[in-house]
Structures are given as C-alpha cells and as structure tokens.
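S.K.: Okay, predicted coordinates and the sequence, questions at the end:
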Amino acid sequence: MFNIERWQEIFETLSKNKLRTFLTGLSVASGIFILVILLGFGEGMANGIKKEFEDDASNRIHVWTEVTSKEYKGLNPGRYIQMENENYEYLAKKYEDDLEYKSAIYRIWQGAVNYKTESGSYRIEGVLPDFQFIENAGITQGRFVNYMDQDGFEKVVVIGNKVKQEIFKNEEDPIDQQIQINGINFKVIGVYTDPGGDREESRIFTPISTAQRVFNGANRIRNLSFTLKPKATFDETLEASEQFVEEMQQYLKQVHTIAPDDMSAIGTFNTLEASQRYFGLIGNIKFFFWFVGICTIIAGVVGVSNIMLIIVKERTREIGIRKAIGAQPWSIIGMILHEAIFVTAIAGFTGLIVSMGLLEIFGPYLDIPYVINPSVNFNVALSTVIILILAGAIAGFFPAWRAVKIKPIEALRDE
C-alpha cells in the first residue's frame, strides 16, 4: 500500500491522460458535493419548521369561529358564530383532567396606546394566566397576569418587548407605570418576550375579565386555546388531541345550532397535526435528496469503473509482460484497485471539504423562508465518503479481475 514505486506508477498512469482523470474525479466529487448540499438544505428546512412551531406551545389547539355555510334547523347560512364565556367554562371543566393549560381570549385588534408623549397602535388581548405558557412567552420584567387580577377585574397589563422599546424607549423601567389604552388607564405589571419576535411582541395582555368589562365585550370571547397533557408517545398524544378537537367541535356545533357537516363555522388549528404533516413532508424531501445524491454518486462510481476498464485495455500488453515474468494475480488486482481507490478517495474528500466548507461559511447567513442554518452531521458525511471509497474499490475490482484473466500470450500480441 505504501510502496513508493507503486505510487509513482499510479501517478504516472493517471498523468498520461490528465483530462480523463480530472473529469472522472469531478463526477465523483460532484456526487458527494450535491449529496451534502441537499442533505444540508433538508436539515435547514427541518430547522425552519421547528422554529415556526417554537413560537407557541408544541401541542397547542387553537379555536376560532367564522360564519355558517349551510342552512340548519330553519336558520340561514351566513350567520356569524359568537363564542361566550360559558363555552370555555364548560370545556375547561369537562376536560379538566386532560388539559395542561387553557385560556379564553378576547381581542381588540387596534388599541390606541399612549404614554406621556409617546403613542402607538397595538393588539390588546384579554387572556387567562395559563396563556403565558400556551404562547411560550418569557417574562423579562415583573410578572404575568394572575387569577387575583382576573377575579378583581384589575386594570393591569403585560406588554411585549417591542411595545416597551417603542413606548418607553428603553430609557426607564415600565413596571408600575401608567399607560392609556383607548383613553383608559392601565398599570404595567410585566414585560414579556416571545420566540416569534417583533410580531408577537407587539401585543399587550390584560385579564380577560377586565378586557370584556372595559372594552364592552360583555361575555363574548374571540378564541379558545388549549394544550393537552402529553401521553407516553407522540402518536398517543396526537390521537388524544384529535379526539378532543372532534368532541369540542361537536359541542360547539350543538350549542350554536350549526349543521354537523358545516366545516366553515368552527375553525381549529392543532399544532400536533400540523407538525406531523410538516415533518412527514420533510422526511419525504430528505428521502428524495438522498435518492438524487446517491444516483449522482453512482454515476461517478460508474465513471471510475469505466476509466479503469480503459486503463486495463491500454495496459493489456504491460499486464501480459507482468504475468509472463511471474507477477501474481493479486499483485495485478492490487495495482488496479489502488488507482481506483486513489481517484475515488481524492475526489470524494474534495467534494466533502468544499460542500461542508460552503455550508459552514454561508449556511448561517442564508435568508430563505423556512430554511435556517443548513448543515450536515460530519459523521454522516464522512460515512458517505467511506462508503463511496468502498464502492470505488468494487468498481475497480471488476476491471482488475478482467486484467487477471488476460492470458500472457494474447496480451503480448495486443497492439
């Protein structure tokens, strides 16, 4: 393997046709390069989808209402369905043992907020204390609303970090400061951050009891949000969430006189179902990437096999002389295999280094929707190159075996 004369012979053979050797190596390097880049983007897409689901709790069930699309029990289609407090209370009590966090929501889309000389328009949401965990919000200052605030109809608010930056300019502590929302005074009790960034941090939370009373909401609610207690496995948790959604829809349709087959009046979003679909799609995309990359590598390996066949053909006379003077079959096989493995290894590691380098340098700075920091596990990429080298050895074995079968007398007659 480390015989200097053997390596000199390999370099001399390959250098006789530099272009052919280069193109063969390029096809192998391209195969590894394309495979690593595709796997990197597959991982980047998985990272992007995971980031989307980090914005809220991973097992969140969100409910909203729209208008009916079908006539039912004498009621015309086009009715807007309005949920009320008793709907939330019924569901919260009935599924108390199954629910992890729960909250009703009353929303004001555009609330005029003023503080001294600063002003802005923000979404105001009346929520229950559990909503902090459903929304995956982190408290950086003060606290979130609690049940004492809810029961006492307290005029307190928790503002997003974006609101703090715009209204308070980060120059003073907002805690215990008074702000006005639609002309009504509220005391700031906390500041929160959200993985969703500025869009999610441009909201203001207050107890839902306060929001309904102050903003003429009566007993109306806009949305329901729940998370279920996790089961032993993902499939069991998903099954439980799907059953909960189905039973909840049946209840809401019954109390609001909605046709059982009307699919537009009650809207739901189950993050577990969405994550199953998205990650199933990502799995299929990764499989496709593997398929394309492996096909490209196979094309390169076939190229190595072809060049070895050509080399054997060109060196038929030389091989005959070697056999005539007593060269052993495995010596000839080793000579051909060394050349095949050398070309495959150099090309494979070149493709690996270039592709990994590009992902490492440019991956963190790519600005593509749903693709975040594309990367590949180095062990996976290295294992692929090793398998490629083994494939190159196999590809070189058949031309080498053909060379062994050449009879010396026939080889010496070869022109």
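M.R.: Ah, there it is.

S.K.: This protein - how does it break down into domains?
M.R.: Domain ranges of the chain: 4-52+277-413, 67-98+230-264, 103-228, per automatic domain parsing.

S.K.: Out of the ones you listed, flag the one nearest residue 61.
M.R.: domain 103-228 (4.7 Å; C-beta to C-beta). Every C-beta, even on glycine, is put in place using the N, C-alpha and C of the backbone.

S.K.: So in this protein, where's the weakest helix or strand by average pLDDT?
M.R.: The helix or strand of the chain with the poorest confidence is helix 408-413; it has a mean of 58 (mean pLDDT, DSSP states H and E).

S.K.: Could you measure from the most centrally placed residue in the chain over to residue 25?
M.R.: Closest to where the C-alpha atoms of the chain average out (C-alpha atoms, centre = their mean) is residue 46, at 2.1 Å. As defined by C-beta to C-beta, to the nearest Å, residue 46 lies at a distance of 32 Å from residue 25.

S.K.: what's the answer for residue 96, then?
M.R.: In this view, residue 96 and residue 25 are 67 Å apart by C-beta to C-beta.

S.K.: More neighbours: these two, which one.
M.R.: More crowded of residue 96 and residue 25, by other C-beta atoms under 10 Å: residue 25, with 24 against 9.

S.K.: Please, which helix or strand holds that one?
M.R.: Taking DSSP states H and E as the criterion, residue 25 maps to helix 18-54.

S.K.: so the residue nearest to the centre of the chain makes contact with residue 282?
M.R.: Yes - using C-beta atoms under 8 Å, residue 46 is in contact with residue 282, at 5.0 Å.

S.K.: Identify all contacting residues around the helix or strand hosting residue 205.
M.R.: Using DSSP H and E, residue 205 maps to strand 203-207. The contact list for strand 203-207 (C-beta atoms under 8 Å, 6 or more residues apart in numbering) reads 111, 113, 122-128, 131, 144-145, 149-150, 153-160, 163, 181, 186, 192.

S.K.: the helices in the protein, which residues?
M.R.: 4-15, 18-54, 85-94, 131-134, 147-151, 161-163, 208-214, 234-255, 271-314, 316-324, 329-362, 378-405, 408-413 (DSSP state H).

S.K.: Pull the residues that contact the fifth one.
M.R.: The one in question is helix 147-151. Counting by C-beta under 8 Å, 6+ apart, 128, 129, 154, 156, 189, 207, 208, 209, 210 sit against helix 147-151.

S.K.: what's the burial count for the second one?
M.R.: Each residue near residue 129 was counted by other C-beta under 10 Å, and the total is 18.

S.K.: Isn't it up against residue 143?
M.R.: No - counting by C-beta under 8 Å, residue 143 is not a contact partner of residue 129; they are 9.7 Å apart.

S.K.: who's in contact with residue 392?
M.R.: Going by C-beta under 8 Å, 6+ apart, the list of residues near residue 392 reads 28, 301, 304, 340, 341, 343, 344, 345, 348.

S.K.: gap between it and residue 76?
M.R.: For residue 392, the distance to residue 76 equals 73 Å [C-beta to C-beta].

S.K.: same question, residue 167
M.R.: Separation of residue 167 from residue 76 (C-beta to C-beta) stands at 45 Å.

S.K.: Settle it for me: which of those two has more neighbours?
M.R.: A count of neighbours by other C-beta under 10 Å puts residue 167 above the other of residue 167 and residue 76, at 22 against 9.

S.K.: The more buried one against residue 112, yeah?
M.R.: No - Residue 167 lies out of contact with residue 112 (C-beta under 8 Å); the separation is 11.8 Å.

S.K.: what touches both of these two?
M.R.: Counting by C-beta under 8 Å, 6+ apart, the shared contacts of residue 167 and residue 112 are residue 119.

S.K.: who are the neighbours in contact with the closest residue to residue 231 other than its chain neighbours?
M.R.: The shortest distance from residue 231 to any non-neighbouring residue, by C-beta to C-beta, 6 or more residues apart in numbering, is to residue 237 (4.4 Å). Residue 237 makes contact with 59, 228, 230, 231, 272, according to C-beta under 8 Å, 6+ apart.

S.K.: remind me which residues of the stretch 301-415 of the chain are low pLDDT?
M.R.: In the predicted model of the stretch 301-415 of the chain, residues 308-309, 311-327, 329-330, 369-370, 400, 402-415 satisfy pLDDT under 70.

S.K.: Apply 80 and report the result again.
M.R.: Counting by pLDDT under 80, the ranges of the stretch 301-415 of the chain that qualify are 301-343, 363-373, 377-378, 380-381, 384-385, 387-389, 391-415.

S.K.: now the stretch 1-150 of the chain
M.R.: Where the stretch 1-150 of the chain drops to pLDDT under 80, the residues are 1-21, 23-25, 27-28, 45-59.

S.K.: Same check on the stretch 151-300 of the chain?
M.R.: Low-confidence segments of the stretch 151-300 of the chain (pLDDT under 80): 170-172, 233-235, 272-286, 289-290, 292-294, 296-300.

S.K.: what's the distance between residue 208 and residue 250?
M.R.: Distance of residue 208 to residue 250, computed by C-beta to C-beta: 25 Å.

S.K.: ugh, wrong one, I meant residue 60
M.R.: Distance, residue 60 to residue 250, by C-beta to C-beta: 20 Å.

S.K.: Who has more neighbours out of those two?
M.R.: The residue with more neighbours, out of residue 60 and residue 250, is residue 60; 23 against 13, by other C-beta under 10 Å.

S.K.: wait, isn't the more buried one in contact with residue 271?
M.R.: Yes - contact criterion C-beta under 8 Å: residue 60 and residue 271 qualify, at 4.7 Å.

S.K.: could you list every residue that touches residue 363?
M.R.: Shown in contact with residue 363 (C-beta under 8 Å, 6+ apart): 40, 44, 373, 374, 375.

S.K.: Any figure for the gap between the first one and residue 94?
M.R.: What it means is residue 40. In terms of C-beta to C-beta, residue 40 sits 47 Å off from residue 94.

S.K.: From residue 269, how far off is residue 256?
M.R.: Distance from residue 256 to residue 269, by C-beta to C-beta: 19 Å.

S.K.: in the sheet, who's paired with the residue nearest to residue 110 when sequence neighbours are not counted?
M.R.: The shortest distance from residue 110 to any non-neighbouring residue, by C-beta to C-beta, 6+ apart, is to residue 121 (5.1 Å). Going by DSSP bridges, residue 121 is paired in beta bridges with residue 112.
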